[in-house]
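A.B. asks: This is a predicted model, with the sequence first.
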Amino acid sequence: MGHDLLVIPIVAAAFAWVVWTLLLPAAARDRLRRLAGRPAAPSKGCGGGCSGCGAAVPFRPAGGRRWKG
Amino acid sequence: MSVLEASVLEADAEPPRIALVGNPNCGKTALFNALTGSRQKVANYPGVTVERKVGHFLSPGGRRVQVIDLPGTYSLRARSPDEEVTRDVVLGRFAHEDSPDVLVCVADATNLRLNLRLVIELKRLGRPIVLALNMMDVADKRGCRIDAAALSAALGVPVVPTVAVRRGGIRGLLDQLDRTMAVAHADAPALCGWSEPSSHDLRAYHQEVEAILARSLRDAGAPPLMTRRVDALLLHPLFGLGFLFLVLFLMFQAVFAWAEAPMSLIDGAITALNGAVAAALPDGALRSLLTDGIIAGVGSVVIFLPQILVLFFFIQVLEDTGYLARAAFLLDRLMGGVGLHGRAFIPLLSSFACAVPGIMAARTIENRADRLATIMIAPLMTCSARLPVYTLLIAAFVPDQRVLGGMVGLPGLVMFALYTIGILSALTVAFVLKRTVFKGAREPLLMELPAYRVPSPRNVAIGLLERARIFLARAGTIIFSIMVVLWFLASFPGAPEGATDPAIHYSLAGMLGHALAPLLAPIGFNWQIAIALVPGIAAREVAVAALGTVYALSETGGALESSLAGLLAADWGLPTALAMLAWYVFAPQCVSTLAVVKRETNSWFWMAAMIAYMALLAYAAAFVTFRVASALLGG
């Protein structure tokens, strides 16, 4: 029975993820982000969950590649 | 000012911005990747980059530099949406963005005459320019000798030879950029007075290029003889087409033959994992979530990773060799027959991977009607997300036997047929659209054919790794989350006391499935399929995962130990399976595709029109298939 309680947070987190990522329109997501004091997410360029287009995914850190002087 | 204040100001200042500008397929993205450490897609055909990409690097001089990779263009006289992006970035027309501080003109050293015309045009803007003379290794092999110093003197801009794909000359380019950026801010004029070059201007640029080449080109080298000889064969109207279809046919045979062993391994691992979890946990909700929901659902999709990788291995190799641009040329006549522009081939080809980049690649088409027609048919091409659905049904219903004298596997043949149906459907829809909604004269195809190249193993490996990462990321995020939600909906509320059927019948998902079932009964779909189709709207392969979960929760006893394909073979008739295949050839999915159609057409109308026509076609095709198959086979 104790094990089965673990199911509740897993299902709740999955519900929240699906609603936030797939169901909520981008405009509503940005509005909620701004209300929480965070900047709007930059556009992914592909309209949603798909990254099949190989959208910009740098594998270097945000600072970019360092070239030594 | 204190040292501290100075460093704070330095940190707050916008980093200098450089833009990579050049003709299509001259190596801008390869240079972008080399400078920033990114892994943007590069391929040996024009039109790969259709939007600007931004990255950063820290130069040897300690500057943090923003670098913008732009779509290829032959002139700032933009004629298509991707060329407009380049023009607008270069001229600083985007909101809140000045024009770049330095323009790095990337020129293909093997085709200097064409490439220099754009350099001359950009020079007229008066912005600081550095010319990266790229593909110098190929130029050397052809005996082409360019005097970089003389070229620099004649152009009046610094010239740096590079081999971007192997990171050759990057250090020299960086040093030159540091020197140029040091003086870039002071003397950069505004670009508000720019006007399109007239045809008279273009002729003047051409003459100027000839004069510059006379001073700097020591030896033009021999044209690529091998490319011409191979093209004589592969571009032959009959032999060329036959070769193209042979390549595609072999590709689909390999998708089944090569992937069989690794798929069995993954299947075994998933079954073992499921058994271990089931043995370790007591019967209850957590065990059901893990085994019936997550492992059965996500596992039934992950198993298809080898097939996806085999398919993309072929596509990547064909892209790198330069053959795909030839395929566009070969199919131009066929595409022209239905009224499509020849340039539609690349967007349609990209749609075999995913319709999203395919729809975006339609930006290279200048004419709006042609572009809309291409966008509307792109989702009919068989994207990789359909592969798990097709493979599952083929594994369940098509016997694994050899046909045509034992030379060809039947599963591969059926897969080839499904891809062909997708292509023929797209061409048929294009034919109708071009004669009704998007009327207009067809424009001829003008396309630069790249030289043949040996595929770079590194490029192929990176492409495959990226594809695997994308596939597994989807399995670990979208599919995982949807399966957890679906498991919950398919498990609660539980079965009432005295119920004889499994609990899923009485669950929320079961109720939804039973409610939708009458609508789908005419096409042979049962309530389990109805449940799977709903989350499948998010992405096609989710339907496979959903079927895995739904059947795991629906079956009891010995049936549970069977694979999903085995369960489907036992539960569905052949007419239902064929109807399901027909449905997935046309079904209007996925959410990302529809969103990108709205964005690229800037209209809700075209998105709604796409949903309507594809849903109608999917239902009609499934209905006809189910009825005909039932009549012929009995079902």
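C.D. replies: That came through fine. Residues are numbered from 1 along each chain as shown, chains lettered A, B, ... in the order given.

A.B. asks: tell me which helix or strand of chain A sits lowest on mean pLDDT?
C.D. replies: With mean pLDDT, DSSP states H and E as the measure, the helix or strand of chain A carrying the lowest mean pLDDT is strand A:65-66 (a mean of 72).

A.B. asks: List the strands paired with that strand, with their directions.
C.D. replies: Strand A:65-66 sits in its sheet next to strand B:53-58 (parallel), going by DSSP bridges.

A.B. asks: Identify the residues contacting B:Arg435.
C.D. replies: B:Gly339 (Cβ atoms under 8 Å, 6 or more residues apart in numbering or on different chains). Heads up, the C-betas are built off the backbone N, CA and C, glycines and all.

A.B. asks: Which other helices and strands does the longest helix along chain A contact?
C.D. replies: Counting by DSSP state H, the longest helix found in chain A is helix A:7-18. Other helices and strands packing on helix A:7-18, by 3 or more Cβ pairs under 8 Å, 6 or more residues apart in numbering or on different chains; DSSP states H and E, are helix B:480-491.

A.B. asks: what does the helix it packs on rub up against?
C.D. replies: If you take Cβ under 8 Å, 6+ apart as the criterion, helix B:480-491 is touched by A:10-11, A:14-15, A:17-18, A:21-22, B:285, B:288-289, B:292-294, B:297-298, B:503-504, B:507-510, B:512, B:531, B:535, B:538, B:542, B:545-546, B:549-550, B:553.

A.B. asks: Give me the next element, helix or strand, following it.
C.D. replies: The first helix or strand that comes after helix B:480-491 along the chain, using DSSP states H and E, is helix B:508-520.

A.B. asks: For B:Gly169, give its distance to B:Ala34.
C.D. replies: Counting by Cβ to Cβ, to the nearest Å, the gap from B:Gly169 to B:Ala34 is 9 Å.

A.B. asks: just B:Ala473 next, same as before
C.D. replies: 25 Å.

A.B. asks: For the two, indicate the residue with more neighbours.
C.D. replies: More crowded of B:Ala473 and B:Ala34, by other Cβ atoms under 10 Å in any protein chain shown: B:Ala34, with 22 against 14.

A.B. asks: The more buried one reaches B:Leu174, doesn't it?
C.D. replies: No. Using Cβ atoms under 8 Å as the test, B:Ala34 is too far from B:Leu174 to be in contact (10.0 Å).

A.B. asks: B:Lys598 contacts B:Phe605, correct?
C.D. replies: No. Using Cβ under 8 Å, B:Lys598 is not in contact with B:Phe605, being 9.4 Å away.

A.B. asks: The two: which has the busier surroundings?
C.D. replies: Taking other Cβ under 10 Å, B:Lys598 and B:Phe605 do not tie; B:Lys598 has more neighbours (17 against 10).

A.B. asks: Low-confidence stretches in the chain?
C.D. replies: Going with chain A. A:1, A:40-64, A:68-69 (pLDDT under 70).

A.B. asks: that's the wrong chain, I wanted chain B
C.D. replies: Within chain B, the stretches with pLDDT under 70 are B:1-13, B:44-48, B:95-96, B:185-193, B:555-562, B:634-635.

A.B. asks: Dihedrals phi and psi, the residue of it positioned farthest from its centre?
C.D. replies: Going by Cα atoms, centre = their mean, the residue of chain B most distant from its centre is B:Gly498, 52.3 Å out. B:Gly498 has phi and psi values of phi 80, psi 0 when expressed as degrees, to the nearest 10.

A.B. asks: That one and B:Asn111: what is the separation?
C.D. replies: 79 Å.

A.B. asks: Could you do B:Val585 as well?
C.D. replies: Applying Cβ to Cβ, the value for B:Val585 to B:Asn111 is 41 Å.

A.B. asks: Just want to know which of the two has more residues nearby.
C.D. replies: More neighbours surround B:Val585 than the other of B:Val585 and B:Asn111, with 22 against 19 (other Cβ under 10 Å).

A.B. asks: now the strand or helix carrying the more buried one, how far from the chain's geometric center?
C.D. replies: Per DSSP H and E, B:Val585 falls inside helix B:574-586. Relative to the mean C-alpha coordinate of its chain, helix B:574-586 is positioned 25 Å out (Cα atoms, centre = their mean, to the nearest Å).

A.B. asks: do you know how far the one residue in the stretch 51-200 of chain B that gets nearest to chain A is from B:Glu14?
C.D. replies: Of all residues in the stretch 51-200 of chain B, B:His56 sits closest to chain A, at 3.1 Å by Cβ to the nearest Cβ. Counting by Cβ to Cβ, the gap from B:His56 to B:Glu14 is 12 Å.

A.B. asks: higher neighbour count, those two?
C.D. replies: Set side by side, B:His56 and B:Glu14 show unequal neighbour counts under other Cβ under 10 Å, the larger going to B:His56 at 21 against 9.

A.B. asks: ok, B:Glu541 touching B:Pro388?
C.D. replies: Yes. Contact status for B:Glu541 versus B:Pro388: in contact at 4.5 Å, counting by Cβ under 8 Å.

A.B. asks: interface residues of the stretch 201-350 of chain B facing chain A?
C.D. replies: B:Leu281, B:Pro282, B:Gly284, B:Ala285, B:Leu286, B:Arg287, B:Leu289 (Cβ under 8 Å from any Cβ of the partner chain).

A.B. asks: Can you tell me which of the residues you listed has the most neighbours?
C.D. replies: B:Leu289 (24 neighbours).

A.B. asks: Now do the contacts for that residue.
C.D. replies: If you count contacts by Cβ under 8 Å, 6+ apart, then B:Leu289 has A:Val7, A:Ile10, A:Val11, B:Val484, B:Trp487 around it.
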